[in-house]
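Colleague: Quick check, what structure comes out for this input:
(chains A and B)
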Amino acid sequence: MSSLDELYRRVIMDHYQSPRNRGEIEDADATIQLKNPTCGDQIRLQMKIDDGKIIDCKFDGEGCSISMASASMMTEAIKGLDVNDALDLADRFSKMMLGKDVDTEDFEDIEALQGVCKFPARIKCATLSWKAMEKGINECGCDHDHK
Amino acid sequence: MIDKEIRKLFPTLNQEINGHPLVYLDSAATSQKPIQVIEAIDNYYRKINSNVHRGVHTLGTWATDAYEGAREKVKNFINAKYVEEIIFTRGTTSAINLVASSYGRSYLKEGDEIVITYMEHHSNLIPWQQVAKVTGATLKYIPLQPDGTMKIEDIKATITDKTKFVAMTQVSNVLGTVNPIKEVVKIAHSYGAKVLVDGAQSVPHMKVDVQELDCDFLAFSGHKMSGPTGIGVLYGKKGILEQMEPVEFGGEMIDFVDLYDSTWKELPWKFEGGTPIIAGAVGLGAAIDFLQSIGMDEIEKHEHELIKYAMEKVDSIDGITIYGPKKNHSSLITFNMDGIHPHDVATVLDTEGIAVRAGHHCAQPLMKWLKVSATARASFYLYNTKEDVDAWINGLIKTKEYFGYVFS
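Modeller: Residues are numbered from 1 along each chain as shown, chains lettered A, B, ... in the order given. A predicted model of the protein is given here:
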């Protein structure tokens, strides 16, 4: 597999072309807008959180294949998760981006983003939505009142 | 005559990136440096290094001569009338900020208008937004035509008797538009307004004569014209600079210091507080010598031919949008490929050793005007060749094929 194929895995391009959970939540508990100032990528992530659980999650934004696919995969993965489990997933995702060995058993599609760590200039694209999710959970304080 | 031999003078160009010879198409961000510049800086630190304008010792004299000698070279390069009109700064951004902080905040007031354009780099936009906020002056934009140029009638209609300042780039770092600065200056001066020209993308590529343009200020960076980073120039007309207060206070810029008051040195040193960027100035001087040894007309001609060739080639690929005017285009091409984000374009090109820029190019209002969030840009300089253009074109075709395949 060439290095490009490692970056642009088929499942990534599938999420890019047919993003999951793209849209708006009208009564969201957390709405986060994040921008990557160096390149102009932007994302709006919304979460509906009930009793420490992410019951719904949607995103909208503009950006490259990696940033949009990563957002799409993330929303799929965190829907239904406990906020602390979502933060744990985000932590392991960041580590994977740094090229570290992490437990990827529950990663499913996300694992396809592993190749990004070989393209240092693109890591920020992949982590944008995850940063938004962490910010959203931290800001609404729902990581403290649960568990 | 510029030929391929010139590339050998640039050590960075003679290497492989990702298994391919480097094709550097990002000179609008920063240029590569010829061996003459690298050696001049090396020589300065090996043999001359000392502080300027103070030591009685011989080394101090050598350093002062080298630093002030560089100023003289800049003066001749842009044909300024007096050497004291040349102020060394950290770059274009700090040069523009100096004018905004000093002239802008002292001489502009509520009701005054500052005229700028949609194509300004953030560095020639935000300083004026700040001046407007602090002084109560209003920021006005000259409308853009769909091809990224401005009509003289629109320029005339925007600049009025309320206009006190016009800040405009000579060449757009995104659209490649070359603005009619000489006419703009005439119009602005007829209302008594001052004009600052952002020369970051023009001075490295063409002959810029400040007396001919008659602009009041010109700002540019050393690192985009084969000089080092960290050095730039503010040119200002002597009479105006004399009226302006310094913005940085401390060593090097003072005349007499008392307990409660001080006086400033004369031009240009009153604007150069602290130990100046000596090695940077020496490097810039060497860059000017280098560019002049080739000739600015020769450089302009070479880039003009290159861009003509590149435009024809890129036009033949389907699904590529080119931004900016078709004619009188500077040596950069900003583009987008249908359905492929510019980051993805830049990544595929990089795997082929081709360096292009992707993003908003520090011109977010312009991106909004273009109705895109980002674009890709290939920018050329004197060391680029038709082979570089060919490599870029082949890279674009490969990018298209690659994403055609992964999307299928």
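Colleague: Could you give the number of residues near residue 17?
Modeller: Going with chain A. 14 (other Cβ atoms under 10 Å in any protein chain shown). Every C-beta, even on glycine, is put in place using the N, C-alpha and C of the backbone.
Colleague: Chain B was what I was after
Modeller: So residue B:17, with other Cβ under 10 Å, has 16 neighbours.
Colleague: hey, where'd the helices end up in the chain?
Modeller: If you meant another chain, say so; for now it's chain A. Listed in chain order, the helices of chain A (DSSP state H) span residues A:3-7, A:10-17, A:65-78, A:83-97, A:123-140.
Colleague: I was thinking of chain B, sorry if that wasn't clear
Modeller: Remark: helices assigned in chain B by DSSP H are B:35-43, B:58-77, B:92-99, B:105-107, B:126-135, B:152-158, B:181-190, B:210-213, B:238-243, B:278-294, B:296-315, B:342-351, B:364-370, B:386-407.
Colleague: residues in contact with the third one?
Modeller: Same thing as helix B:92-99. Under the contact criterion Cβ atoms under 8 Å, 6 or more residues apart in numbering or on different chains, helix B:92-99 has outside partners B:87, B:89, B:121, B:123-124, B:127, B:167, B:196, B:198-200, B:217, B:219-221, B:232-234, B:236, B:247, B:271.
Colleague: Mind checking which of those land in strands?
Modeller: B:87, B:89, B:167, B:196, B:198, B:217, B:219-221, B:232-234, B:236 (DSSP state E).
Colleague: closest one to residue B:327 among the helices of chain B?
Modeller: Residue B:327 lies closest to helix B:296-315 among those, at 9.9 Å (Cβ to Cβ).
Colleague: ok, and the closest non-adjacent residue to residue B:51?
Modeller: Excluding the flanking residues, the one nearest residue B:51 by Cβ to Cβ, 6 or more residues apart in numbering or on different chains is residue B:275, at 5.9 Å.
Colleague: ok, now residue A:69?
Modeller: residue A:15 (3.9 Å).
Colleague: pretty sure the one you found contacts residue A:109?
Modeller: Yes: between residue A:15 and residue A:109 there is a contact at 6.8 Å, judged by Cβ atoms under 8 Å.
Colleague: circling back to that earlier point, tell me the contacts of the residue nearest to residue A:69?
Modeller: Neighbour list for residue A:15: A:68, A:69, A:72, A:73, A:109 [criterion: Cβ under 8 Å, 6+ apart].
Colleague: and which of the residues you listed is nearest to residue B:59?
Modeller: Once Cβ to Cβ is applied, the member of the contacts of residue A:15 that ends up nearest residue B:59 is residue A:68, at 58.1 Å.
Colleague: Isn't the closest one up against residue A:61?
Modeller: Yes: using Cβ under 8 Å, residue A:68 makes contact with residue A:61 at a distance of 6.9 Å.
Colleague: More neighbours: those two, which one.
Modeller: residue A:68 (26 against 21).
Colleague: who's in contact with the closest residue to residue B:82 other than its chain neighbours?
Modeller: Leaving aside its sequence neighbours, residue B:82 sits nearest to residue B:238 (Cβ to Cβ, 6+ apart; 5.3 Å). Taking Cβ under 8 Å, 6+ apart, we find residue B:238 in contact with B:81, B:82, B:84, B:85, B:267.
Colleague: Just flag the most distant two among those residues.
Modeller: Pairwise over the contacts of residue B:238, using Cβ to Cβ, the maximum falls at B:81 and B:267, 12.3 Å.
Colleague: Show me which residues of chain B are close to chain A?
Modeller: Contact residues (Cβ under 8 Å from any Cβ of the partner chain) of chain B with chain A: B:341-344, B:347-348, B:350-351, B:358-360, B:364, B:367, B:373-374, B:402-403, B:406-407.
Colleague: go with 6 Å
Modeller: B:341, B:343, B:344, B:351, B:359, B:360, B:373, B:374, B:406 (Cβ under 6 Å from any Cβ of the partner chain).
Colleague: sorry, back to before: of the contacts of residue B:238, which is the nearest to chain A?
Modeller: Taking Cβ to the nearest Cβ as the measure, chain A sits nearest to residue B:85 out of the contacts of residue B:238, at 35.3 Å.
Colleague: Tell me, how many residues neighbour the closest one?
Modeller: 25.
Colleague: any chance of the helices of chain B in a markdown table, plus mean pLDDT?
Modeller: Shown next, in a markdown table, are the helices of chain B (pLDDT from 0 to 100):
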| stretch | mean pLDDT |
| --- | --- |
| helix B:35-43 | 98 |
| helix B:58-77 | 97 |
| helix B:92-99 | 98 |
| helix B:105-107 | 97 |
| helix B:126-135 | 98 |
| helix B:152-158 | 98 |
| helix B:181-190 | 98 |
| helix B:210-213 | 98 |
| helix B:238-243 | 98 |
| helix B:278-294 | 98 |
| helix B:296-315 | 97 |
| helix B:342-351 | 95 |
| helix B:364-370 | 90 |
| helix B:386-407 | 91 |
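Colleague: a markdown table for these, including distance to residue B:259?
Modeller: Shown next, in a markdown table, are the helices of chain B (distance: least, Cβ to Cβ, whole Å):
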| stretch | distance to residue B:259 |
| --- | --- |
| helix B:35-43 | 40 |
| helix B:58-77 | 29 |
| helix B:92-99 | 28 |
| helix B:105-107 | 25 |
| helix B:126-135 | 30 |
| helix B:152-158 | 49 |
| helix B:181-190 | 43 |
| helix B:210-213 | 40 |
| helix B:238-243 | 26 |
| helix B:278-294 | 31 |
| helix B:296-315 | 50 |
| helix B:342-351 | 57 |
| helix B:364-370 | 47 |
| helix B:386-407 | 61 |
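Colleague: Alright, calling it a day.
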